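> could you look at this predicted model? Sequence included:
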Amino acid sequence: MDWSIIIFLVVIVAIVLYVIGIYNKLVSLKNRFENAFAQIEVQLKRRYDLIPNLVETAKGYIQHERETLEAVTAARNAANSMLEAAKANPGGASAMADLAGAESALASSLGKFNLVVEAYPDLKANQNMMQLSEELTTTENKVAFSRQAYNDSVMMYNEFRQSFPPIFFASAFGHSDDAELLVMEDSAEIQAAPKVSF
């Protein structure tokens, strides 16, 4: 028996097993960030479901602020559309950018809405409004945690995909592009009242 053939076959099998390991790790990391995006989706949908109730509660008190209420509703609908588009391609650069832009617009309109609510003590003291505001704040925190988990998963995927030697196999295995982080402005920063100095 020729030992060189056996050694050659062992090396080939080891290489094949290593490449299979790379493929499996790429698939596993991609599934993780897609699952993390699904968690963001759950929290964003919850927030989108709360917003119409918030607007409806406020309507009775701030009817002459119709423009603000309509802006919140329009921004919510736009963000919901971008979420549906991003769901089809989690990690895609344009999908994440569009979703982040829509979320920033929604956060901005909610910030303006909150400033209007502050001007109406009866509305601010309304039990439904307080409960909805609390639920929205809790959901905002869950969105932030979900977004952090997603971004961490994306970074792990991108780091592995870009490392040596997986970078040589990633494109052949259908992992040619980096996944995109979801970077949104924190709603707390957007909703903070502007500072005025004289």
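In hand now; what should we look at? All values reported here derive from a predicted model rather than from experimental measurement.

> what about the helices in the protein?
Chain-ordered helices for the chain, with DSSP state H as the definition, fall at 3-59, 66-88, 93-118, 121-125, 127-162, 166-170, 187-191.

> just these: most buried one?
Comparing these by mean neighbour count (mean count of other C-beta atoms under 10 Å), helix 93-118 comes out on top with a mean of 19. Placement of C-beta: from N, CA and C, glycine included.

> which strands and helices sit next to that helix?
When contacts are defined as 3 or more C-beta pairs under 8 Å, 6 or more residues apart in numbering; DSSP states H and E, helix 93-118 sits against helix 3-59, helix 66-88, helix 121-125, helix 187-191.

> now it: average pLDDT?
For helix 93-118, the mean per-residue pLDDT is 93.

> chain center to it, what's the gap?
Centre-to-centre, helix 93-118 and its host chain are 13 Å apart (C-alpha atoms, centre = their mean, to the nearest Å).

> okay, angle between that helix and helix 3-59 too, please.
Following axes from the mean of the first three to the mean of the last three C-alpha atoms, to 10 degrees, one obtains 30 degrees for the angle between helix 93-118 and helix 3-59.

> now do the phi/psi pair for Y61.
Y61 has phi and psi values of phi -100, psi -30 when expressed as degrees, to the nearest 10.

> give the contact list for it.
For Y61, the contact set (C-beta atoms under 8 Å, 6 or more residues apart in numbering) comprises Y120, D122, L123, N126.

> and what of L26?
Applying C-beta under 8 Å, 6+ apart as the definition, the contact partners of L26 turn out to be Y157, F160, R161, P166, F169, A170, F173, H175.

> tell me which of the helices of the chain lies nearest to E180.
Across the helices of the chain, E180 has its closest neighbour in helix 93-118 (4.0 Å, C-beta to C-beta).

> need the helices of the chain in JSON lines (columns: distance to L181).
Compiled in JSON lines, those are given as follows (distance: least, C-beta to C-beta, whole Å):
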{"stretch": "helix 3-59", "distance to L181": "10"}
{"stretch": "helix 66-88", "distance to L181": "13"}
{"stretch": "helix 93-118", "distance to L181": "7"}
{"stretch": "helix 121-125", "distance to L181": "36"}
{"stretch": "helix 127-162", "distance to L181": "5"}
{"stretch": "helix 166-170", "distance to L181": "18"}
{"stretch": "helix 187-191", "distance to L181": "18"}
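
> going by distance to G92, which of the contacts of Y61 wins?
The shortest distance between G92 and any of those, using C-beta to C-beta, involves L123 and amounts to 40.1 Å.

> how near is S176 to P165?
For S176, the distance to P165 (C-beta to C-beta, to the nearest Å) stands at 16 Å.

> right, I mislabeled it, should have said E67
On the measure of C-beta to C-beta, E67 and P165 end up 57 Å apart.

> ok, H64 next?
Applying C-beta to C-beta to H64 and P165 gives a distance of 65 Å.

> next one: G91
Using C-beta to C-beta, one gets 22 Å for the distance from G91 to P165.

> what do you get for I12?
Remark: distance between I12 and P165 (C-beta to C-beta) = 16 Å.
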